[in-house]
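**Student:** Sharing a sequence plus its predicted fold:
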Amino acid sequence: MQEIQWAEQLKTANEQGARLLLETCHEFLNAAGIDIRSVKFRPTKGRAHGKVKVYARTYWRLVDAYEDLGILMSTWHSKPQFLDPNGNPLPLSKSSGQLSLRNLIQAAGVKLSVTTAYQLMRRSPSVQFDERGRVLALRRVFVLPEFQVPRAALFVDRYLGTLRANSSQRRQETNLLLERNCYVRGVCLAEVVPILRNIRTRAAALVDSVDGEFELRRPKRLKGKPTGEAGLLLFAWARRTEQTSNRSRRSRQK
């Protein structure tokens, strides 16, 4: 009897969790100014991973450009020919000379046009342009504020894939992919600020290290060998919960 009760509760929790997942996606898209009614979605039986679908060609083209710009910024901060004696990235011209965006693209080995890189950099707070039109690096990580939705689509898809893979591998008793989390409810948000600051510093060092190892294994020419993708996503969160807000409201009313 108890087993049947838990089975029913698990089914209900799955349904409510699915509803929460969809509602969260809708809220995120609405906040990004996207009318969910304008997105025509038709569920299909499975997806052909690695194949660019017609409706997603622009998406994947921009995702690839975004990834290439991340490699570009990393190269800019690591290749000696683009650094000053103190190890800081030197200003780059657009297309001429040793210290140019064109030469950086070649050094990074990415398939990105100078025009595309220049236009996307114009929209990023990761770089700055001086009065001579040269590009100045402000941070190692490439950020594009208007790219929230494509990034969410990319990483949420990968995270759900990790959950599916781990669920299957648990049944087969094989190695699992990394998927860990820790969180606490009812904590004072002001008290976790130093913890989050520490996480940010330590996580950045870890991601930089892993990113360097991945880059060393970036395929050049691997004809006849299976290829795919591997990655690491870390994020921390802190938010006010409804329960906390309601408690505060009741306290003020007393």
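**Tutor:** Thanks, I have the structure now.

**Student:** Show residues contacting stretch 91-101.
**Tutor:** Surrounding stretch 91-101, the residues in contact under the criterion Cβ atoms under 8 Å, 6 or more residues apart in numbering are 76, 81-82, 90, 102-104, 114, 117-118, 130, 133-136. C-beta here means a position set from N, CA and C on the backbone, and glycine is covered the same way.

**Student:** Return the members of those residues classed as buried.
**Tutor:** For the contacts of stretch 91-101, burial is judged from neighbour counts taken by 16 or more other Cβ atoms under 10 Å, and it is met by Trp76, Phe82, Arg102, Asn103, Leu104, Ala117, Tyr118, Arg134, Val135.

**Student:** Leaving out sequence neighbours, find the closest residue to the last one.
**Tutor:** For Val135, the nearest residue in space outside its immediate sequence neighbours is Leu92; the separation is 4.7 Å by Cβ to Cβ, 6 or more residues apart in numbering.

**Student:** Tell me how far that neighbour lies from Val114.
**Tutor:** Counting by Cβ to Cβ, to the nearest Å, the gap between Leu92 and Val114 amounts to 11 Å.

**Student:** Restricting to C-alpha, output stretch 118-137 in CSV.
**Tutor:** The C-alpha atoms that make up stretch 118-137 are tabulated as CSV, following Å, rounded to 0.1, in the frame of the first residue of the first chain:
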residue,chain,number,x,y,z
TYR,A,118,34.3,43.2,-34.9
GLN,A,119,30.6,43.6,-35.0
LEU,A,120,30.0,41.3,-32.1
MET,A,121,32.8,42.9,-30.1
ARG,A,122,31.1,46.3,-30.6
ARG,A,123,28.1,44.9,-28.6
SER,A,124,30.2,43.4,-25.8
PRO,A,125,31.3,44.9,-22.5
SER,A,126,34.3,42.6,-22.6
VAL,A,127,36.1,45.0,-24.9
GLN,A,128,36.4,48.7,-25.5
PHE,A,129,37.3,50.8,-28.6
ASP,A,130,39.6,53.8,-28.4
GLU,A,131,39.5,57.0,-30.5
ARG,A,132,41.7,55.3,-33.1
GLY,A,133,39.3,52.4,-33.5
ARG,A,134,41.6,49.9,-31.9
VAL,A,135,40.1,47.1,-29.8
LEU,A,136,41.1,47.0,-26.1
ALA,A,137,40.5,43.9,-23.9
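
**Student:** Please enumerate residues in contact with that stretch?
**Tutor:** Against stretch 118-137 from outside (Cβ under 8 Å, 6+ apart): 65-66, 69, 73, 76-77, 89, 91-94, 101, 138-139, 141-146.

**Student:** so what does the helix or strand where Thr58 lies touch, helix or strand wise?
**Tutor:** Assigning secondary structure by DSSP states H and E places Thr58 in helix 57-78. In terms of contacts (3 or more Cβ pairs under 8 Å, 6 or more residues apart in numbering; DSSP states H and E), helix 57-78 is packed against helix 101-108, helix 114-122, strand 135-137, helix 148-172, helix 189-216.

**Student:** CSV for the ones you listed, including distance to Ile34?
**Tutor:** Formatted as CSV, the entries for the helices and strands packed on helix 57-78 read as follows, by distance: least, Cβ to Cβ, whole Å:
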stretch, distance to Ile34
helix 101-108, 31
helix 114-122, 20
strand 135-137, 31
helix 148-172, 7
helix 189-216, 29
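
**Student:** so which of those comes closest to Asn14?
**Tutor:** helix 148-172 (12.7 Å; Cβ to Cβ).

**Student:** Would you mark the buried spots in the helix ranked longest in the chain?
**Tutor:** In the chain, taking DSSP state H as the definition, the longest helix is helix 2-31. Using 16+ other Cβ under 10 Å as the test for burial, helix 2-31 gives Leu29.

**Student:** Thank you, goodbye.
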